[in-house]
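Participant: kindly generate the corresponding structure for this input.
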Amino acid sequence: MACAGNIRFAFPPQTEDINVEEDAEFEGDKIQLTINQEWSGGRAIYNKPVPQWDKSSWALANFTSYFQFVIGNTTDLFGDGLAFFMAPFDSKIPENSKGEWLGLFNETTNGGFSNRVVAVEFDTYKNDHDPDGNHVGIDVNSITSVKQVSLSSEREFLSNTLNNGTITWDAWVDYDGSTKQLQVFLLFTDSSSDLNVISKPTSPILTYHIDLRQYIPEMIGVGISASTGTYYETHTVKAWNFSCAYSWDISSPPPASNIPSSSPPHTNSSIPPSNIPSSVPSDKVSSPSRTQNSSQKIILLSLVCLVGILCLLVIAVWCYFKKRATRPDNPGEEGDRELDGQFAQGQKCVLGLKFQCKAGGFWSSKRGRT
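Facilitator: Numbers count the residues shown, from 1 in each chain. Below you'll find the model as predicted:
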């Protein structure tokens, strides 16, 4: 049983803990994420699942991801940038995700809740959804940032751009599970600085409140992704340290790709249908598919009852008309016919009696014989 604790790795030297994908490759103690050419893309991914939240206790982990990178350009036209991301552990670079998509999304998946991706982008090219070509943004299931800041408008970065190849950038992406605050810190140093003495800035350039339980699986993958488009540049990772602290036991970790079997009703939205209260365990939240199944059962049962009632009504009507068809059209006619028959028989008896009396000589009247 793995108990509450920490997950840590540091590159360099721990190259064995990092996998590279597509154009990314190790170059000594650095990682080149892209090739200096059009439409290149690559990822560096920590090769073990990271616990981010616990379904049983509903607790969230804290993490810090520190990485040092250089973005260089050899032409006046350059793009597109890199991003630190959290995603399902077994996720791969989507097809057609180079250029503005930074290896995270594509035109089809962009904005879909099923992506289960939260990222911090360092963008060097201005697309329609960007403020400029020198900004940092927080992405939630979409390349359109939920919050962003232009470095060109920040006083401490005015004379520097992300893709200035002579500058080394130090970035920290921190998450506090108790406050649900995602913060981004950024610092630059030139080539003459002592890169071994790095102090984290006291103030973040971005802060965003987000409950990661609503957006990513319990066990996630963490990585750094980059891409180029028609314009290109190099994306070099010089260092990457990651630490995660969690407070629950991991005896039987859930599957790495812990994605719900049914997406929320509007899967085209990057934001969930409703905010889940932090005090309500996830197993208490009603499932849309379960509610839908119950409604279908109730409707089916109602239809069966209705059909049964209609059948009984049809049988009752049929029996009524069949019984009526076997009776006389006028209930009094049978009695009348019976009386007529008795009357006719009475007449016959009277006539017969008269005949017998006449034949026997017994006839009486006012002038009759005896």
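Participant: next secondary structure after the one helix or strand residue 120 maps to?
Facilitator: Secondary structure assignment for residue 120, by DSSP states H and E: strand 118-123. Proceeding N to C from strand 118-123, the next assigned helix or strand is strand 135-140, under DSSP H and E.
Participant: pull out the buried residues from that following strand.
Facilitator: By neighbour count on 16 or more other CB atoms under 10 Å, the buried set for strand 135-140 is 135-140. (C-beta placed from N, C-alpha, C; glycine too.)
Participant: what does stretch 35-42 give?
Facilitator: If you call a residue buried by 16+ other CB under 10 Å, then stretch 35-42 has these buried ones: 35, 40-42.
Participant: got it, and stretch 200-216?
Facilitator: Residues 204-206, 208, 210, 212-216 are the ones in stretch 200-216 that count as buried (16+ other CB under 10 Å).
Participant: circling back: just the buried residues of stretch 35-42: which are in strands?
Facilitator: Taking DSSP state E as the definition of strands, the buried residues of stretch 35-42 contribute 41-42.
Participant: for the buried residues of stretch 35-42, which one is nearest residue 62?
Facilitator: Among the buried residues of stretch 35-42, residue 42 lies closest to residue 62 (CB to CB), at 28.5 Å.
Participant: show me what counts as buried in stretch 167-185.
Facilitator: By neighbour count on 16+ other CB under 10 Å, the buried set for stretch 167-185 is 167-175, 177, 182-185.
Participant: ends of it, how far apart?
Facilitator: Using CA to CA, to the nearest Å, one end of stretch 167-185 lies 16 Å from the other.
Participant: returning to what we had before: determine which two of the buried residues of stretch 35-42 are furthest apart.
Facilitator: Among these, the pair separated by the greatest distance (CB to CB) is 35 and 41, at 9.2 Å.
Participant: list residues touching both of these two?
Facilitator: Taking CB atoms under 8 Å, 6 or more residues apart in numbering as the contact rule, residue 35 and residue 41 both touch 23, 228.
Participant: of all the buried residues of stretch 167-185, which comes closest to residue 69?
Facilitator: Nearest to residue 69, judged by CB to CB, of those is residue 169 at 5.5 Å.
Participant: contacts only, for the closest one.
Facilitator: Applying CB under 8 Å, 6+ apart to residue 169 gives the contacts 68-71, 122, 162, 186-188.
Participant: tell me how far the nearest residue to residue 85 once chain neighbours are set aside lies from residue 184.
Facilitator: Here the nearest residue to residue 85 in space, its sequence neighbours aside, is residue 119; by CB to CB, 6 or more residues apart in numbering that works out to 3.9 Å. Relative to residue 184, residue 119 is positioned 11 Å away (CB to CB, to the nearest Å).
Participant: quick one, helices of the chain?
Facilitator: Ranges of helices within the chain are 288-325, 331-359, based on DSSP state H.
Participant: worst mean pLDDT among the ones you listed?
Facilitator: Within those, confidence is poorest for helix 331-359, with a mean of 47 (mean pLDDT).
Participant: what's the local residue count around the closest residue in space to residue 177 that isn't next to it in sequence?
Facilitator: Nearest residue to residue 177 in three dimensions, chain neighbours excluded: residue 60, at 3.0 Å (CB to CB, 6+ apart). If you count neighbours by other CB atoms under 10 Å, residue 60 ends up with 22.
Participant: next one: residue 16
Facilitator: So residue 16, with other CB under 10 Å, has 9 neighbours.
Participant: and residue 311, by the same measure?
Facilitator: Residue 311 has 10 neighbours, counted by other CB under 10 Å.
Participant: could you tell me which residues touch both of residue 119 and residue 184?
Facilitator: Residues touching both residue 119 and residue 184 by CB under 8 Å, 6+ apart: residue 138.
Participant: which non-adjacent residue is nearest residue 145?
Facilitator: Nearest non-adjacent residue to residue 145 (CB to CB, 6+ apart): residue 137, at 3.0 Å.
Participant: rewinding a little: can you list the strands that the strand holding residue 120 pairs with?
Facilitator: Partners of strand 118-123 in the sheet, by DSSP bridges, are strand 81-88 (antiparallel), strand 135-140 (antiparallel).
Participant: what sits up against the first one?
Facilitator: If you take CB under 8 Å, 6+ apart as the criterion, strand 81-88 is touched by 33, 52, 65, 67, 69, 71, 102-104, 115-125, 139, 162, 171, 173, 212, 216-217, 220-227, 235, 256-259.
Participant: what separates that strand from the chain centre, distance-wise?
Facilitator: How far strand 81-88 lies from its chain's middle: 20 Å, per CA atoms, centre = their mean, to the nearest Å.
Participant: got the CA coordinates for that strand in CSV?
Facilitator: Extracted C-alpha coordinates of strand 81-88, given in CSV (Å, rounded to 0.1, in the frame of the first residue of the first chain):
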residue,chain,number,x,y,z
GLY,A,81,4.8,28.6,-28.2
LEU,A,82,4.8,26.0,-25.4
ALA,A,83,2.6,24.9,-22.5
PHE,A,84,2.7,23.0,-19.3
PHE,A,85,-0.4,20.7,-19.2
MET,A,86,-2.4,18.3,-17.1
ALA,A,87,-4.4,15.6,-18.9
PRO,A,88,-5.5,12.0,-18.7
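Participant: got the angle for the top strand by length along the chain vs strand 81-88?
Facilitator: The residue-count maximum for a strand in the chain (DSSP E) belongs to strand 234-246. Interaxial angle of strand 234-246 relative to strand 81-88 (axes from the mean of the first three to the mean of the last three CA atoms, to 10 degrees): 30 degrees.
Participant: who does strand 234-246 touch, helix- and strand-wise?
Facilitator: Strand 234-246 sits against strand 5-11, strand 30-32, strand 41-46, strand 50-51, strand 62-72, strand 219-227, with contacts defined as 3 or more CB pairs under 8 Å, 6 or more residues apart in numbering; DSSP states H and E.
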